[in-house]
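Undergrad: sequence and computational prediction follow.
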Amino acid sequence: MIRKKLCYLLLSAAFLTACGGPRSGGAAAPPSDDAKPAYFLPMLPPADLDAAGQQAYLREHYWDRLDFADTLFLRRADSLQMLDAFVGYLRIIGPMDGEAMRGLMARAAQSKPMLTYFYTMAEKVLNDPNSPFRSDELLIPVLETVIASPSFDEYEKMAPAYDLQLASQNRIGRPANDFRFTLASGARQSLYGIKAEYTLLFLHNPGCPMCREIMQELTASPMLTEMIERGALRVLALYPDEDLGEWRRHFDEIPASWINAYDAGCTIEKGRLYSLRAIPALYLLDSRKQVLLKDVTEVAQVEELIDRRG
């Protein structure tokens, strides 16, 4: 929780600076009325609705007080407050409601300045590897809206097109990309060749402190340990980079009950099969290699999802 709060504060500060917020320097002149910050106030749900009804209402009407045609508002908008409002909307719709995000971006697409503003917020909150609100399912409709917009030229669409290609890989509920990996013996196997009720793909870098934390949490989990012992769960610890000397130096740190392998030739990175922007990363797959969890770092999420599935 502390890590998430710190991460959110860093995101907010970065966005505020990027949008021309306060910087250190000489004394600023007192703002005129036209220069005073403008604030967006989300809609309030009717008080007679229950919690589910209020959530449904806000999903549809949260942004109704924002005039998406008023690009002058963006010059005065308090960027930190707008970021807070955007995050508030994410909390309402959840990380999988791509249709709600698509509707929001359709409203923002009325003008290039408004679409750029919401795209910038979405990039920082939904696509930053350190963001606690990172979600490819919400990012995809944002990127698709930008790419489809006639307001952006082909050069401006290059970055969102690249991000869209990565975000579209290994989506939850869809088959994971298969790949071949190499063991210390030189033997080669494939992800789809692993036979188990669940497969946990652990992308890591040797010596990475957070990777070590995740390993410790995985090995300390009674549930996951028991599943590994009876063969219901296989853990594939995969090193995706080129320095095999580094991998060999840390080889013994990986539990013997796991599959300890590397990606010979860096085929994952070259083929953009999995995003390597943030390591470590966990992918939980079912027996058919359908993606259940994508690019997470919380071992508790793995335990909770398996527990829910019975």
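TA: Nice, I can see it. Computed from a predicted model, the values in this text were never measured in an experiment.
Undergrad: convert the C-alpha atoms of stretch 157-170 to CSV, please.
TA: Taking C-alpha atoms only, stretch 157-170 is exported to CSV below (Å, rounded to 0.1, in the frame of the first residue of the first chain):
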residue,chain,number,x,y,z
LYS,A,157,0.4,7.9,-34.5
MET,A,158,3.7,6.0,-34.4
ALA,A,159,4.1,5.9,-30.6
PRO,A,160,0.5,4.9,-29.9
ALA,A,161,0.6,2.3,-32.6
TYR,A,162,3.7,0.7,-31.0
ASP,A,163,2.1,0.8,-27.6
LEU,A,164,-1.1,-0.7,-29.0
GLN,A,165,0.8,-3.6,-30.6
LEU,A,166,2.3,-4.4,-27.2
ALA,A,167,-0.9,-3.9,-25.2
SER,A,168,-2.8,-6.2,-27.5
GLN,A,169,-0.5,-9.2,-26.7
ASN,A,170,-1.6,-11.8,-24.1
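Undergrad: what's the neighbour count on Ile259?
TA: Using other C-beta atoms under 10 Å as the criterion, Ile259 is surrounded by 18 other residues. In short, each C-beta sits where N, CA and C put it, glycine included.
Undergrad: now it. Nearest residue, chain neighbours left out?
TA: Closest residue to Ile259 apart from its sequence neighbours, by C-beta to C-beta, 6 or more residues apart in numbering: Leu236 at 4.6 Å.
Undergrad: in stretch 231-243, which of the residues would be classed as buried?
TA: Within stretch 231-243, the residues that count as buried by 16 or more other C-beta atoms under 10 Å are Leu233, Arg234, Val235, Leu236, Ala237, Leu238, Tyr239, Pro240, Asp241.
Undergrad: and Leu273, which of the three is it?
TA: coil (DSSP: H, G, I helix; E, B strand; the rest coil).
Undergrad: quick one, phi/psi of it?
TA: Leu273 adopts backbone torsions of phi -80, psi -30, taken as degrees, to the nearest 10.
Undergrad: likewise for Arg188?
TA: Taking degrees, to the nearest 10 as the convention, Arg188 sits at phi -120, psi 140.
Undergrad: can I get the buried residues of stretch 231-243 in a markdown table including pLDDT, secondary structure and distance to His204?
TA: Shown next, in a markdown table, are the buried residues of stretch 231-243 (pLDDT from 0 to 100; DSSP: H, G, I helix; E, B strand; the rest coil; distance: C-beta to C-beta, whole Å):
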| residue | pLDDT | secondary structure | distance to His204 |
| --- | --- | --- | --- |
| Leu233 | 98 | strand | 17 |
| Arg234 | 98 | strand | 16 |
| Val235 | 98 | strand | 11 |
| Leu236 | 98 | strand | 10 |
| Ala237 | 98 | strand | 6 |
| Leu238 | 98 | strand | 7 |
| Tyr239 | 97 | strand | 7 |
| Pro240 | 96 | coil | 9 |
| Asp241 | 93 | coil | 10 |
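Undergrad: identify the farthest-apart pair in the residues you listed.
TA: Leu233 and Asp241 (25.2 Å; C-beta to C-beta).
Undergrad: can you give me the strands for the stretch 151-300 of the chain?
TA: Counting by DSSP state E, counting those that start in this stretch, the stretch 151-300 of the chain has strands at residues 180-183, 188-190, 198-203, 233-239, 259-262, 281-285, 291-296.
Undergrad: out of these, which comes closest to Glu137?
TA: Nearest to Glu137 among the strands of the stretch 151-300 of the chain is strand 291-296; the distance by C-beta to C-beta comes to 8.8 Å.
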